[in-house]
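Enquirer: Coordinates for the following, if possible.
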Amino acid sequence: MKKLLLILFLVTPLSFAQLLLEENFNYGTTDNPDITSLTSSWIRHSGIQGPAYVAAGLNYVGYPSSGIGGALSFTNGSSGVNDGDIHRKFSDSVTTAQNIYAFFMLNLASARTTSDYFFHLGPYTIGTTFRGRVYARNFGSGYVVGLGKSSETRTEDSSIVFNYNQTYLFVLKYIFNPAAADDDQVVLYAYDNTFPLTEPGSPILTIGPIGTGVGSDPANIGAVAIRQGTNSPTGLVDGIRIATDWNSIVPVELTSFNATVSGTNVLLKWTTATEVNNSGFDVERKTSNSDWKKIGFVPGAGTISEKQSYTFSDKNLNKGRYQYRLRQIDFDGTFEYSKVVEVEVISPSKFELAQNYPNPFNPTTAISFTIPQSGNVKLAVYNLLGQEVAVLVNEFREAGTYDVGFNASNLNSGVYLYKLEVNGLTFTKKMTLLK
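Expert: Have a look, this model is predicted:
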């Protein structure tokens, strides 16, 4: 059967959830000693040199920002040499009581015996208000990490020794509370080979919460910073993702969304790379003469880090252009819309009865037929004696392409005829039932 086939693809991953900041350091294939010369997103607030950009980025299995672009290279500095401290502002500052999660990949080449911090958060206008300070200190053949809310003595856990030249995933959690000046808290999680879909997952290290009673809390949190101090470690940071809830770090991420037209039917297909708390997808359709309308629902997979594939069929459409989008819904009722795909349905030009599929069959098969104009339609099944054994369709149908199922569980094996009668025309084909 001749079919018109139109396919629209969206190959760029679509992320439903919103991040306050996503930095994958995708600034080209050439190393550069100064990241601020490549992008205005990073602002130097202290010093004059570095940090550097390297074109080879970091990888961490399961992390959405793994293997994208390059990385930021930082080290310890002195006046005028590797002394640049830089920050990047969030898309919006956090001013109400909530958690802020800063995920980042880290690979250290070396650390000094005197601990110093290299990663921290701060207010939107950062000044010298550095909060949530992450430290590293050389310890035997590896290093240990520490955490401070502000300039108080860091909290360090030397029971977990990290390996140099290995990529880890860290999560800095800042618990922001504007009710008082000394009640913000910070937590640090570290992971070596697993990706936590929910908090906290299975970290190899947890420090905190700490910080209650340490004063001078900022009025907002709105920036992330990389520091090159006198005793800062040397290494790479990559894949910084910041949000106010853990689930937004790993959103329901569409890796493809396409629409295929066959006759008067539209088949939607989409895949997800990751899902967190995904109840499912409302499928919505729009035409030039109508607003968006829900036409179906496809259940989601909940929370999963494996690829998932989905389909939805919109059948027996009239001629015209149609737009489709997905409304992804979390279990708590929050939702986000996908981008839109558009297709055109063209009316069939001739009557056609397709061969059933599968054929031979046992005991079910599908029969497709196309009618270019509306009319009374009868589709029936006959044995070789000409006796009618089943009526599948006997009603008025609009022009279009139709798929009809046939269950022959009550019939014996053999060859049968199926006949389409419409507008004075008759079409007949054979099919074989093998039990």
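
Enquirer: what about the strands in the stretch 151-300 of the chain?
Expert: 155-163, 168-176, 185-191, 205-210, 221-226, 234-243, 253-262, 265-286, 293-304 (DSSP state E, counting those that start in this stretch).

Enquirer: Output the contacting helices and strands for the third one.
Expert: If I follow you right, that is strand 185-191. Packing contacts for strand 185-191, counted by 3 or more CB pairs under 8 Å, 6 or more residues apart in numbering; DSSP states H and E, involve strand 131-139, strand 142-148, strand 168-176, strand 205-210. For the C-beta atoms, the positions are set from N, CA and C on the backbone; glycine is no exception.

Enquirer: Tell me which of these sits nearest to Thr401.
Expert: Of all the helices and strands packed on strand 185-191, strand 168-176 sits nearest to Thr401, with 49.9 Å by CB to CB.

Enquirer: Note down every partner strand of that closest one and its orientation.
Expert: Pairing partners of strand 168-176, with direction, according to DSSP bridges: strand 98-110 (antiparallel), strand 185-191 (antiparallel).

Enquirer: average pLDDT for that strand?
Expert: Taken as a whole, strand 168-176 has an average pLDDT of 98.

Enquirer: Name the surrounding residues that touch it.
Expert: Outside of strand 168-176, the residues within contact range by CB atoms under 8 Å, 6 or more residues apart in numbering are 60, 63, 94, 96-107, 119, 121, 131-132, 134, 145, 147, 162, 184-192, 195-196, 200, 203, 208-209, 211, 221.

Enquirer: Could you check how far the residue lying farthest from the centre of the chain is from Leu254?
Expert: Distance from the C-alpha centroid of the chain peaks at Leu385, with 58.1 Å (CA atoms, centre = their mean). Taking CB to CB, to the nearest Å as the measure, Leu385 falls 54 Å from Leu254.

Enquirer: again with Thr125
Expert: In terms of CB to CB, Thr125 sits 36 Å off from Leu254.

Enquirer: so where's the stretch 251-400 of the chain uncertain?
Expert: Scanning the stretch 251-400 of the chain for pLDDT under 70 picks out 251.

Enquirer: Spit out the contact partners of Thr125.
Expert: With CB under 8 Å, 6+ apart, Thr125 has these contacts: Gly222.

Enquirer: And the chain, split by domain according to the record?
Expert: Here the domain parsing of the chain from automatic domain parsing is 5-13+251-345, 18-249, 352-433.

Enquirer: burial of Ser158, as a residue count?
Expert: Burial of Ser158 is recorded as 12 neighbouring residues (other CB atoms under 10 Å).

Enquirer: Could I get the pLDDT score of it?
Expert: Note for Ser158: predicted pLDDT of 94.

Enquirer: Okay, and the beta partners of the closest residue in space to it that isn't next to it in sequence?
Expert: In space, and not counting its chain neighbours, Ser158 is closest to Val144: 4.7 Å by CB to CB, 6 or more residues apart in numbering. With beta bridges defined as DSSP bridges, Val144 has these partners: Arg137.

Enquirer: ditto for the one 4 residues further on
Expert: Assessed by DSSP bridges, Gly148 has beta-bridge partners Arg133.

Enquirer: Pass me the low-pLDDT residue ranges in the stretch 101-250 of the chain, would you?
Expert: For the stretch 101-250 of the chain, no range has pLDDT under 70.

Enquirer: coming back round to it: and the strands of the stretch 151-300 of the chain as TSV, adding distance to Ala380?
Expert: Below are the strands of the stretch 151-300 of the chain laid out as TSV (distance: least, CB to CB, whole Å):
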stretch	distance to Ala380
strand 155-163	73
strand 168-176	63
strand 185-191	63
strand 205-210	70
strand 221-226	69
strand 234-243	59
strand 253-262	24
strand 265-286	23
strand 293-304	30
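
Enquirer: Quick one: closest of the ones you listed to Asn316.
Expert: Closest approach to Asn316 among these (CB to CB): strand 265-286, 7.0 Å.

Enquirer: so where do the helices sit in the chain?
Expert: Assigned by DSSP state H, the helices in the chain fall at 246-249.

Enquirer: Just give me the neighbour total for Ile175.
Expert: By the criterion of other CB under 10 Å, Ile175 has 19 neighbours.

Enquirer: ok, it to Leu21 distance?
Expert: From Ile175 to Leu21 the distance is 18 Å (CB to CB).

Enquirer: and if you look at Ala109?
Expert: 25 Å.

Enquirer: Looking at these two, which has the bigger crowd around it?
Expert: For Ala109 and Leu21, the more surrounded residue by other CB under 10 Å is Leu21, and the numbers stand at 18 against 12.

Enquirer: which ones are touching the more buried one?
Expert: Arg88, Lys89, Phe90, Ser91, Val224, Ile240, Arg241, Ile242.

Enquirer: how many neighbours does the fifth one have?
Expert: Looking back up the chat, that one is Val224. 27.

Enquirer: That one reaches His87, doesn't it?
Expert: Yes. Using CB atoms under 8 Å, Val224 is in contact with His87, at 6.5 Å.

Enquirer: what is in contact with the two at once?
Expert: Gly122.

Enquirer: beta partners for Leu72?
Expert: Assigned bridge partners for Leu72, using DSSP bridges, are Tyr53, Val237.

Enquirer: looking at it, it is touching Asn24, isn't it?
Expert: No. At 10.5 Å, Leu72 does not count as touching Asn24 under the criterion of CB under 8 Å.

Enquirer: Mind listing the shared neighbours of these two?
Expert: Common neighbours of Leu72 and Asn24 are listed as Asp238 (criterion: CB under 8 Å, 6+ apart).

Enquirer: Which residue of those two possesses the greater neighbour count?
Expert: Leu72 (24 against 18).

Enquirer: picking that back up, just the buried ones among the contacts of strand 168-176, please.
Expert: Neighbour counting with 16 or more other CB atoms under 10 Å marks 60, 63, 94, 99-107, 119, 121, 131-132, 134, 145, 147, 162, 184-192, 195-196, 203, 208-209, 211, 221 as buried within the contacts of strand 168-176.

Enquirer: So for this structure, the centremost residue is which one?
Expert: So for the chain, CA atoms, centre = their mean, it's Glu253, sitting 1.5 Å from the centre.

Enquirer: ok, and the closest non-adjacent residue to that one?
Expert: Glu253's closest residue in space is Ala273 (CB to CB, 6+ apart), at 4.7 Å.

Enquirer: What of Gln166?
Expert: Counting by CB to CB, 6+ apart, Gln166 lies nearest to Asn107, which is 6.6 Å off, once chain neighbours are set aside.

Enquirer: Verify the contact between the one you found and Asn163 for me.
Expert: No. With contact defined as CB under 8 Å, Asn107 does not reach Asn163; the gap is 9.6 Å.
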